[in-house]
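Visitor: For reference, the sequence and a predicted model appear below.
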Amino acid sequence: MTRILVMGGGLIGMRHCTAIAAHPRCTLAGLVDPNNALIAPCGAPRFDDIADVDVPVDGVVIATPTGLHADHAEAVAARGWPMLIEKPIAATRDEAARVSALNVPVLIGHHRRYHASLAALQQAVSGRIGTPVTATLIWAMRKPDPYFEGNWRSAGGSPVMINLVHDLDVLRYVMGDIEDIVALPGARLRGSPRVESGAVALRFASGATGTISFADTAPSPWGFEAGTGENPNIGTTRQDMMWITGTGGGIAFPSLTLWQGQDWSRPAEPTALTAEATVPLDAQLDHFIDVCTGAATPRITAQDGARTLDAALRIEEALTAT
């Protein structure tokens, strides 16, 4: 049984604790969080600080606030433990570079890459629609007002770093690295200085282009969480939210509807591709166990996570400079 420690007892940290405690190949070694009111599953011990951990550990999940990731990653590396760091890798490029320099295995938790449907999309884009030309993505929902009240999100809760960073990682995974970015902010409808919505144009290294429309002020059925049903806190719509075109056809996600046909006088023909249902957090944990035991190398490296962070920061910088 692989012994996994979790740092951070917030919403995502406790989800990791529950998943680890229920997994047949690992056990929860403990929870690191200074809040003594927290109770870890299965009677696992709680520690105020990683320096206090005195139980055997094979790997660590870092689910603390993003601004603490680099410091905590260095503390974990000093103990010689492999780690899974919740996304994004860090808050700044310099912090991401510190994480990338560590000499232990580091897996970045962009868990969406573990969807079997996303792997099917990548395969279709690389082999069934010709040369990719465009990608169009929508993420729009209305977050409840209490989400921003009395906490750091009232000023720093931009959906770029909270939500869009995940969509950027999906686009990088499917379309390749991003070279150029242009972004325009939308109206600030809640009367705060933070970014609420906007439009983004991308150019990928392949020469393909992409667009993203995003908002946390607009209720809609279009978004990765709603479309895939991966988040139990967000209503599932099963509506497509990403469309990719190529010289030989196009494909919509998450329905995986493949459209092919090059004669513009005739409608393209749809084909429904299939992919097995997966629970991405469980699949990610399976992979992390293999990383901890040395059976696998990290699928999403610190360097990879740093490139996704850089794209998100470039968008944020463009939006706040306008």
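Guide: Ah, there it is. All of these numbers come straight from a predicted model, not from anything done at the bench.
Visitor: looking at this protein, which helix or strand does the model trust least?
Guide: Every helix and strand in the chain was compared by mean pLDDT, DSSP states H and E; the lowest is helix 153-156, with a mean of 64.
Visitor: Quick check: next helix or strand after that helix?
Guide: helix 159 (DSSP states H and E).
Visitor: Tell me which residues are up against that next one.
Guide: Residues external to helix 159 that are found in contact with it (C-beta atoms under 8 Å, 6 or more residues apart in numbering): 139, 195-197, 214-216. Every C-beta, even on glycine, is put in place using the N, C-alpha and C of the backbone.
Visitor: Out of those residues, the closest to residue 241 would be?
Guide: For the contacts of helix 159, the closest approach to residue 241 (C-beta to C-beta) belongs to residue 139, at 6.9 Å.
Visitor: The host helix or strand of that closest one: which residues count as buried?
Guide: Secondary-structure element containing residue 139, defined by DSSP H and E: strand 132-140. For strand 132-140, burial by neighbour count (16 or more other C-beta atoms under 10 Å) applies to 132-133, 135-140.
Visitor: Give me the distance between that strand and the centre of its chain.
Guide: The gap between where strand 132-140 is centred and where its chain is centred comes out at 17 Å by C-alpha atoms, centre = their mean, to the nearest Å.
Visitor: Sheet partners, orientation included, of it?
Guide: Using DSSP bridges, strand 132-140 pairs in its sheet with strand 209-215 (parallel), strand 242-246 (antiparallel).
Visitor: So which residues make contact with that strand?
Guide: The contact list for strand 132-140, computed with C-beta under 8 Å, 6+ apart, reads 125, 159, 163-164, 167, 170-171, 174-175, 197, 202, 206, 208-216, 218-220, 222-224, 241-247.
Visitor: Can you select the buried ones from those in PyMOL?
Guide: In PyMOL, selecting the buried portion of these, with burial taken from 16+ other C-beta under 10 Å, looks like this:
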select buried, resi 125+159+163+164+167+170+171+174+175+197+202+208+209+210+212+213+214+215+216+218+220+222+223+224+241+242+243+244+245+246
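Visitor: can you tell me how far residue 137 sits from residue 69?
Guide: Distance, residue 137 to residue 69, by C-beta to C-beta, to the nearest Å: 26 Å.
Visitor: Actually, residue 52.
Guide: Residue 52 sits 20 Å away from residue 69, taking C-beta to C-beta as the criterion.
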